[in-house]
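1. here is my input; please provide its structure:
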Amino acid sequence: MSNDLHTLQTEAISLLKELIATPSFSKEEEQTAAIIGKFLAVKQIAATRVGNNVFALNKQFDEKKPTILLNSHHDTVKPNPQYTKDPFSPIVEDEKLYGLGSNDAGGCLVSLLATFLYFYDKTTAYNIIFAATAEEEISGTGGIEYTLPYLPKIDCAIVGEPTLMQMAVAERGLMVLDCISFGKAGHAAREEGENSIYKAFKDIEWFRNYKLPKISDLLGPSKMSVTVIETENKAHNMIPSQCKFVVDTRINELYSFEEVLDIIKSNVDCDVKPRSMRLRSTSIALDHPLVKAGLDLNRTYYGSPTTSDKALMPFPSLKMGPGDSARSHTADEYIYVSEIKEGIELYIQLLNQVL
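-> Take a look at the predicted model:
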């Protein structure tokens, strides 16, 4: 198997074109999982598929060694309605490879796969596992979370997301809260009842104005935003007995979700229930070997406002990849061909320092 850099770059771009041409919306990634599995099989690399997730271990895998996971996702969102190009047509124009999932996160996926191939049959100080996983775009339970129990013990990971090959060392956690304010139903004309909307307004005003005091150097302040409000009423003349609203909270790495919940519950009157506490804030130490290697390669580090599969990993992980997060989910999504080539080179240089 050739692990010549130019060959790896060419094959990675060709594979990305094939993936772009194959719809892979979250929970519908069967075909792209098959494509990735076939790509590895042609290379005579044993791959395992669990659900719509595909993973492979390096040839010299040794349980006594620490293990690095190279992970990115192969699912995509639905195409933005403002597309002017066919989202499933991988066209290259002006050195830009267009297509749905090209930037988020196809370029990262094929670059990490090329990096895995480069080190596949080499003897190194670490094991390397490559995993292409599903359902990242919907934070689903059938992706990396489903895959991890099938993998050997992981010591650290590189998570491929478009970061312009800079290092996202921390991420805000996401906790969505369902809140209900309770009143008493009555007829609006007779001023009966207790209006749950007015009770909700008081708590919504608290969410609007309260600032969690711990401010992160990497992620700044935590944020709480009311995003949905509704009552069960369809009649204009009925005082609503319940008013439901949703709060999107983005928590920095200085708070646990439990701490934030305690603060909220001690300040509002409504009933507060988190939908999930899975997508927690994360950070990797600045003296971790992966981060130090990146700094040696003149990579900068920052805190990311967006959530990724990094949130579901119970081990240190570095989010880093070719492409630009600002292009994700936009119409006529693209990635520069040069970004993929440079991404593969930088991943290899980074791991060479660690391995």
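
2. residue contacts, residue 318?
-> 156-159, 167-169, 284, 288, 290-291, 294 (CB atoms under 8 Å, 6 or more residues apart in numbering). From N, CA and C alone the C-beta is placed, and that goes for glycine too.

3. for the lengthiest helix in the chain, packing partners?
-> Counting by DSSP state H, the longest helix found in the chain is helix 337-354. Helices and strands touching helix 337-354, as assessed by 3 or more CB pairs under 8 Å, 6 or more residues apart in numbering; DSSP states H and E, comprise helix 5-20, strand 67-73, strand 96-98, helix 107-119, helix 289-296.

4. how about the CA coordinates for it, as CSV?
-> Output of helix 337-354 as CSV, limited to C-alpha atoms (Å, rounded to 0.1, in the frame of the first residue of the first chain):
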residue,chain,number,x,y,z
VAL,A,337,-8.6,21.6,-2.6
SER,A,338,-5.4,23.2,-1.2
GLU,A,339,-6.9,23.1,2.3
ILE,A,340,-7.3,19.3,2.1
LYS,A,341,-3.7,18.8,0.9
GLU,A,342,-2.4,21.1,3.6
GLY,A,343,-4.6,19.5,6.2
ILE,A,344,-3.1,16.0,5.5
GLU,A,345,0.4,17.4,5.6
LEU,A,346,-0.2,19.2,9.0
TYR,A,347,-2.0,16.2,10.5
ILE,A,348,1.0,14.0,9.6
GLN,A,349,3.5,16.6,10.9
LEU,A,350,1.5,16.9,14.2
LEU,A,351,1.4,13.2,14.7
ASN,A,352,5.0,12.7,13.8
GLN,A,353,5.9,14.9,16.7
VAL,A,354,3.7,12.9,19.1
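
5. what mean pLDDT does that helix have?
-> Mean pLDDT, computed over helix 337-354, is 98.

6. please state the offset of it from the chain centre?
-> In terms of CA atoms, centre = their mean, to the nearest Å, the centre of helix 337-354 is found 20 Å from the chain centre.

7. helix, strand, or coil at the spatially closest residue to residue 17 that is not a sequence neighbour?
-> With sequence-adjacent residues excluded and distances taken as CB to CB, 6 or more residues apart in numbering, residue 17 is closest to residue 90, at 3.8 Å. Following DSSP: H, G, I helix; E, B strand; the rest coil, the label given to residue 90 is coil.

8. can you report how many residues neighbour residue 90?
-> Close neighbours of residue 90, defined as other CB atoms under 10 Å, add up to 22.

9. mind listing the strands for the stretch 201-350 of the chain?
-> 223-231, 238-239, 242-251, 271-274, 282-283, 301-304, 317-319, 334-336 (DSSP state E, counting those that start in this stretch).

10. residue 141: which of those strands is closest?
-> Closest approach to residue 141 among these (CB to CB): strand 271-274, 15.8 Å.

11. hey, C-alpha coordinates of that closest one in PDB?
-> C-alpha atoms of strand 271-274 as PDB (Å, rounded to 0.1, in the frame of the first residue of the first chain):
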ATOM      1  CA  ASP A 271     -40.500  24.000  36.500                       C
ATOM      2  CA  VAL A 272     -37.100  23.400  34.800                       C
ATOM      3  CA  LYS A 273     -36.100  20.100  33.200                       C
ATOM      4  CA  PRO A 274     -33.000  19.500  31.000                       C
END
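
12. just checking: what are the partner strands of that strand?
-> strand 173-182 (antiparallel) (DSSP bridges).

13. in the strand it pairs with, what's buried?
-> 173-177, 179, 181 (16 or more other CB atoms under 10 Å).

14. next one: that strand to chain centre, how far?
-> With CA atoms, centre = their mean, you get 21 Å for strand 173-182.

15. what's the first helix or strand after that strand?
-> Once the chain leaves strand 173-182, the next helix or strand it forms, by DSSP states H and E, is strand 186-187.

16. neighbouring strands - and their directions - for that next one?
-> Strand 186-187 sits in its sheet next to strand 238-239 (antiparallel), going by DSSP bridges.

17. so what touches the partner strand?
-> Contacts of strand 238-239 (CB under 8 Å, 6+ apart): 183-188, 192-195.

18. could you rerun that using 7 Å?
-> By CB atoms under 7 Å, 6 or more residues apart in numbering, the surrounding residues in contact with strand 238-239 are 183, 185-186, 188, 192-193, 195.

19. biggest separation within those, which pair?
-> 183 and 188 (12.5 Å).

20. of those two, which one has the most company?
-> residue 183 (19 against 15).

21. could you pull up the residues touching residue 242?
-> Each residue near residue 242 by CB under 7 Å, 6+ apart is listed here: 180, 182, 196, 231-232.

22. please report how far it lies from residue 70.
-> 48 Å (CB to CB, to the nearest Å).

23. helices and strands of the chain: which one has the lowest mean pLDDT?
-> Ranking every helix and strand in the chain by mean pLDDT, DSSP states H and E puts strand 186-187 at the bottom, with a mean of 88.

24. can you pull out the residues in contact with that one?
-> Residues outside strand 186-187 that contact it (CB under 7 Å, 6+ apart) are 192-193, 237, 239.

25. mind doing that once more with 6 Å?
-> 192-193, 239 (CB atoms under 6 Å, 6 or more residues apart in numbering).

26. could you do stretch 257-264 as well?
-> Here stretch 257-264 makes contact (CB under 6 Å, 6+ apart) with 175, 251, 272, 277.

27. if we go to 8 Å?
-> 173, 175, 177, 212, 222, 224, 249, 251, 272, 274, 277, 280.

28. same question for stretch 73-88.
-> Residues contacting stretch 73-88 (CB under 8 Å, 6+ apart): 19-29, 32-33, 36, 52, 91, 98-101, 104-106, 109, 132-138, 143-144, 309, 329-333.
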